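**Q** Quick one, what's the 3D model for this:
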Amino acid sequence: MFYKASLSLKKSLVLGTLLLIFGFYFSACNKTANTEKDQNIVRVYNTYLHSPELEKLASPDASGSDSAAIVKSYIDNWILQKLMYKKAEMYLSDAQKTALEKQVEAYRQSLWAYAYEEEMLKKQFDSTALAENIEAQYEKLKNDFILENNIIYARYFIGNKKNVSLDSLKIWFTTNSESDRQKIYNEGIKSSADFSLNAVWLDYDKLRSNSPITSSNPAQLVQNNNFLSLQDTAKVYLFEIYDYGLKNEPAPLAYRRQDIMKVVVNEEKRNYLENLKKLLYQEALEKNEVEFFNAQTN
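**A** Numbers count the residues shown, from 1 in each chain. Presented below is the predicted three-dimensional model:
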């Protein structure tokens, strides 16, 4: 008996939903003839689904059958959600309902509090002092950033000797004008070279093992000139070195800036929110918006 009733209910839902879909699309095509914008689509107990909620589901790229399927799925889910909620209200015990209401309210408050914190951080978080804080944090943590290899910060071009003009590349590299940067880019793409127009951090030891560079110390390499032009039997190598770091010494600030930035920003945000909560609490006490009873103290 229950199976037959369920089957009948399912058939009724499907039939009713399809009728609603066709009715909705027919009315959507004749909006000028229907001025009632808040038209009821379906009712479950005392709750109504209105046509504007379905209109936002429409996609200009979807076919008629796809759109109908999307609307049907939405209506079916909406109906079943309301039915299940009503059944839960009827069958759950008062103790279960009370426990669930407490969980829902706690979750609601935490969502609102989190949204408020995020909004206050956007409006009030002071990023002007970050540079000083980053430097201070680096001084505090730099011994944790010991390098395992020598590194350099450089623009570079490594290309096949047969496919590129070393003399032209040297001129373009030293001027670093926008037009010459474009020439380097074009040359690099054409010859399938390994290059970077902007300075990047490179593993100097690995680079030295795969190039004609002979100096084991990048500090000595850039002592007289930060521009380096080399070649071997197969390739040409150009480097413009802006900074470096030495093995077994603290990494340069620029090399770890992003890591330190995350630490500083998180610490700044945490401190700001802690102060915000203290001020909020104190202000509420002063305005008598918080009151203790039964001989409790603040």
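
**Q** hey, which helix or strand in this structure has the poorest pLDDT?
**A** The least trusted helix or strand in the chain, going by mean pLDDT, DSSP states H and E, turns out to be helix 2-29, with a mean of 46.

**Q** so what strands line up beside the helix or strand just after it?
**A** Note on helix 2-29: by DSSP states H and E, the next helix or strand toward the C-terminus is strand 40-44. Neighbouring strands of strand 40-44 in its sheet, by DSSP bridges, are strand 47-50 (antiparallel).

**Q** which outside residues touch the strand it pairs with?
**A** 38-43, 75, 78, 82 (C-beta atoms under 8 Å, 6 or more residues apart in numbering). (C-beta placed from N, C-alpha, C; glycine too.)

**Q** same check, this time on stretch 131-139
**A** Stretch 131-139 is contacted by residues 253, 256-257, 260-261, 263-264, 267-268 when judged by C-beta under 8 Å, 6+ apart.

**Q** List buried residues within those residues.
**A** For the contacts of stretch 131-139, a burial check counting by 16 or more other C-beta atoms under 10 Å picks out 253, 256, 260, 263-264, 268.

**Q** Could you dump the residues you listed into JSON lines and include secondary structure?
**A** Converted to JSON lines, these look like this (DSSP: H, G, I helix; E, B strand; the rest coil):
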{"residue": "Leu253", "secondary structure": "helix"}
{"residue": "Arg256", "secondary structure": "helix"}
{"residue": "Ile260", "secondary structure": "helix"}
{"residue": "Val263", "secondary structure": "helix"}
{"residue": "Val264", "secondary structure": "helix"}
{"residue": "Glu268", "secondary structure": "helix"}
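
**Q** want to throw these into CSV with distance to Leu238?
**A** Formatted as CSV, the buried ones among the contacts of stretch 131-139 follow (distance: C-beta to C-beta, whole Å):
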residue, distance to Leu238
Leu253, 26
Arg256, 27
Ile260, 31
Val263, 36
Val264, 36
Glu268, 41
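
**Q** Note down every partner strand of the host helix or strand of Ile241 and its orientation.
**A** Using DSSP H and E, Ile241 falls within strand 235-245. Taking DSSP bridges as the criterion, strand 235-245 forms sheet pairs with strand 151-160 (antiparallel), strand 227-231 (antiparallel).
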